[in-house]
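Chemist: Sharing a model prediction with you, sequence too.
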Amino acid sequence: MEEFSRKKLKSSMASVKSLDGRTYLMNYQNPYYLDYMLEKGVKNTADLLFKASKTITGGFPILGIPGRFACSSFNAKTPDGKHFLARNFDYKDSPCMVVWCNPENGYKSVGIADMLFMTYGFKRTPIKYKDRFFTLMAPYTVMDGINEKGLVIAVLEQKGKATNQSTSRTDITTTVAIRAILDRCATVDEAIALLDEYDMHDAVFCNYHYHILDANGGNVIVEYVNNKMSIVLPEEGKDYQYTTNFLKSAPGGDVKGNFGYSRYYQIRDNIEPKKGVMTVDEAMSLLEHVKLEYRHHLLKHRVTSLWSVVYNVDDLTLELVAGADFSKRYKFSIDSPATCI
């Protein structure tokens, strides 16, 4: 296991910068010990935080706030044949962070993390040094991302029973799985094979599915139904899919209040007439059309689309809108850490 380096830790924290008070950038240079996590196994969020405190920070405790969220995603291709995956990440209003990782024994990647999961919410002052300490959890709070091989993954919640597999395999939890796929997998098949090596344990008592796209246009939605992995492929004759917050492999009756169906039908009615072909601008317009914006009926906090993003697997870029403000759009590349292009 790589030795703890205070210099690398400080370099990672020093790289954090704000674009607009809502969107932060980070060039992550500190080791995050994925090999250790996968070898020892990670069964839940508390276990992840314990192992992160033991390794990433050199023994200092670190905190994180798991969350429940909604989300929408679809993959398609541009008129000139470039494949992309687009998604909204919907949750309690907070800043987001674009995170670049370049592990010694893995693929380079760039992804987006919810800073609330690092205990950093909205503040009127720029992020302070003491707040940056919690950004060391960034590799394990990424909710979607793309690696240098053109593989994209996005996680979405659905309202089924939380997955807790129990075999002889090593344990893994949601965000560690995302990190492992970005670091280790070049194709959809490799991502499926990796997930099949571990017992999945969903974070925070929810159920999640994973929309995955690779550079060849291969795409799947990986779900867990009654603790068994299920692979959803595109319908015959199609090379695109879309999903929100219900099981595609077992639709109907699994969603309380039919949560997610309305957004799903809106995406369907837009993408099907185009046969899965649209420009990035059209994809962004569709994300804007299905964004969420409301006050939580119990907790009274604002729920919104924290970010809307289009990942291009041919150009290895992403275009980002933060906080449902579609008047501002940023573009980033895997090869330009902490920089707009």
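Modeler: Noted; the coordinates are in hand. What you see is a predicted model, and the numbers here were worked out from it, not measured in a lab.
Chemist: Torsion angles phi and psi at the residue lying closest to I56 once chain neighbours are set aside?
Modeler: Excluding the flanking residues, the one nearest I56 by C-beta to C-beta, 6 or more residues apart in numbering is L136, at 5.3 Å. Using the backbone N, CA and C atoms, a C-beta is placed for each residue, glycine as well. Backbone torsions for L136, taken as degrees, to the nearest 10, come to phi -70, psi -10.
Chemist: For D114, give me its contacts.
Modeler: Applying C-beta atoms under 8 Å, 6 or more residues apart in numbering, we find D114 in contact with G67, F89, Y91, S94, C96, T141, M143, L306.
Chemist: how about the strands in the stretch 151-300 of the chain?
Modeler: Under the criterion DSSP state E, counting those that start in this stretch, the stretch 151-300 of the chain contains strands at 152-158, 170-173, 198-201, 207-213, 219-225, 228-232, 242-243, 293-295.
Chemist: Parallel or antiparallel, which strands does the fourth one pair with?
Modeler: What it means is strand 207-213. strand 152-158 (antiparallel), strand 219-225 (antiparallel) (DSSP bridges).
Chemist: tilt between it and strand 228-232?
Modeler: Computed with axes from the mean of the first three to the mean of the last three C-alpha atoms, to 10 degrees, the direction of strand 207-213 lies at 40 degrees from that of strand 228-232.
Chemist: How far off centre is strand 207-213?
Modeler: 9 Å (C-alpha atoms, centre = their mean, to the nearest Å).
Chemist: Contacts for that strand, please.
Modeler: In contact with strand 207-213 (C-beta under 8 Å, 6+ apart) are residues 73, 75, 83-85, 87, 151-163, 174, 177-178, 181, 188, 191, 195, 202, 219-224, 241, 243, 247-248, 311, 313.
Chemist: one step back: surely the residue nearest to I56 and N30 touch.
Modeler: Yes - the pair L136 and N30 qualifies as a contact (C-beta atoms under 8 Å) at a distance of 6.2 Å.
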